[in-house]
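1. Coordinates for the following, if possible.
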Amino acid sequence: MPPTLASVAALPQLGLRPITDPRPDAPVLWVAVSELEDPTPFLEGGELVLTTGMRLTPANAAPYVARLVGRGVAGLGFAVGVIHDDVPPELVGAARAQGLALLEVPRPTPFIAVGKAVSRMLAAEWYEDVTRAFQAQRELTRAALKGEGPLVSRLARELGGWALLLDPSGGVRHAEPARARHRAAALAAELPRLRGARRAASLALSGEDGPVVVHPIGLGGRARGYLAVGTAEPLPTSRTRSPVRRSRC
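-> Residues are numbered from 1 along each chain as shown. All right, here's what the predicted structure looks like:
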């Protein structure tokens, strides 16, 4: 999981002071520095936005906060001692009223220090993900040597969901857990879409309790079976991006 805003705010070397309470579970996916009145066209959501308030006025504080909240940013870090001696009360009031996490960035803390700190936290998360992936790969390889059943069982456990191995007609060869067998009937209606594909493809479906992915198994475009897995949350995708971005000013 990405670092949370609360964990970033708690880093003693940064000296950040929460003005409004950050949500403990709000993930910080990015650090963005911007002095724009409206930086949202250059944001994706989940950013910790850093600003000195260069263009902030009592009149535009509330609309500024509303735009950030609407974009889904993780929070706003406001540097004091540069343009403003203190966090403007209009900004504090708007943040509290609209539910925006607001942090005071002290004058001795440069924005780059915040970016580097988040970068280290994201790198640690990435390393943990890679370590878990290699461990899971080893476990799946060991299970595969024991046969299809152990492999399907291990896959379901690694994903924290369920897994089905289907024959070419959609019949169940292995199910983990056993109660997942009942899902085969609904999946059978989707298999013709894979059979008709001209090249290797997979299906992403919305299941009764979460996302489902179905992969054909075979060589040369001929499916010898299908592997279906379902999880409560979307399966993770690889993401490689720098943790700090400067919006256009």
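
2. Need the pLDDT of the nearest residue to residue 44 once chain neighbours are set aside.
-> Nearest residue to residue 44, sequence neighbours excluded (Cβ to Cβ, 6 or more residues apart in numbering): residue 30, at 7.2 Å. Every residue, glycine included, has its C-beta placed from N, CA and C. For residue 30, the pLDDT comes out at 87.

3. Could you shift the numbering so residue one becomes 270, and keep it that way?
-> In the new numbering, first residue 270, that becomes residue 299.

4. in the sheet, who's paired with residue 299?
-> Going by DSSP bridges, residue 299 is paired in beta bridges with residue 316.

5. How many neighbouring residues does it have?
-> 23 (other Cβ atoms under 10 Å).

6. and what of the one 3 residues further on?
-> The criterion is other Cβ under 10 Å. On that basis, residue 302 has 22 neighbouring residues.

7. Please apply the same query to residue 294.
-> 9.

8. From residue 327, how far out is it?
-> Distance, residue 294 to residue 327, by Cβ to Cβ, to the nearest Å: 32 Å.

9. One more: residue 501?
-> For residue 501 relative to residue 327 (Cβ to Cβ), the value is 46 Å.

10. for the nearest residue to residue 272 once chain neighbours are set aside, helix, strand, or coil?
-> Spatial nearest neighbour of residue 272, chain neighbours left out: residue 390 (3.9 Å); criterion: Cβ to Cβ, 6+ apart. The three-state label given to residue 390 by DSSP: H, G, I helix; E, B strand; the rest coil is helix.

11. which residues touch residue 390?
-> 271, 272, 276, 277, 297 (Cβ atoms under 8 Å, 6 or more residues apart in numbering).

12. Just name the closest of those to residue 452, please.
-> Closest to residue 452 out of these is residue 271 (31.2 Å), distances taken as Cβ to Cβ.

13. and the closest one, how many neighbours does it have?
-> Each residue near residue 271 was counted by other Cβ under 10 Å, and the total is 20.

14. What of residue 451?
-> Look at residue 451: counted by other Cβ under 10 Å, it has 11 neighbours.

15. now swap in residue 339 and tell me
-> When neighbours are defined as other Cβ under 10 Å, residue 339 has 11 of them.

16. do residue 272 as well
-> 22.

17. now do residue 476
-> Neighbour count of residue 476, defined by other Cβ under 10 Å: 17.

18. looking at this, residue 461 is in a helix?
-> Yes: under three-state DSSP, residue 461 falls within a helix.

19. Against residue 450, how distant is it?
-> As judged by Cβ to Cβ, residue 461 and residue 450 stand 21 Å apart.

20. who has more neighbours, those two?
-> More neighbours surround residue 450 than the other of residue 461 and residue 450, with 14 against 10 (other Cβ under 10 Å).

21. wait, doesn't that one sit right on residue 433?
-> Yes: between residue 450 and residue 433 there is a contact under Cβ atoms under 8 Å: 7.4 Å.

22. what is in contact with those two at once?
-> Overlap of the contact sets of residue 450 and residue 433 (by Cβ under 8 Å, 6+ apart) consists of 441, 444.

23. Pairing-wise in the sheet, spell out the partners of residue 498.
-> Residues in beta-bridge contact with residue 498 (DSSP bridges): residue 432, residue 482.
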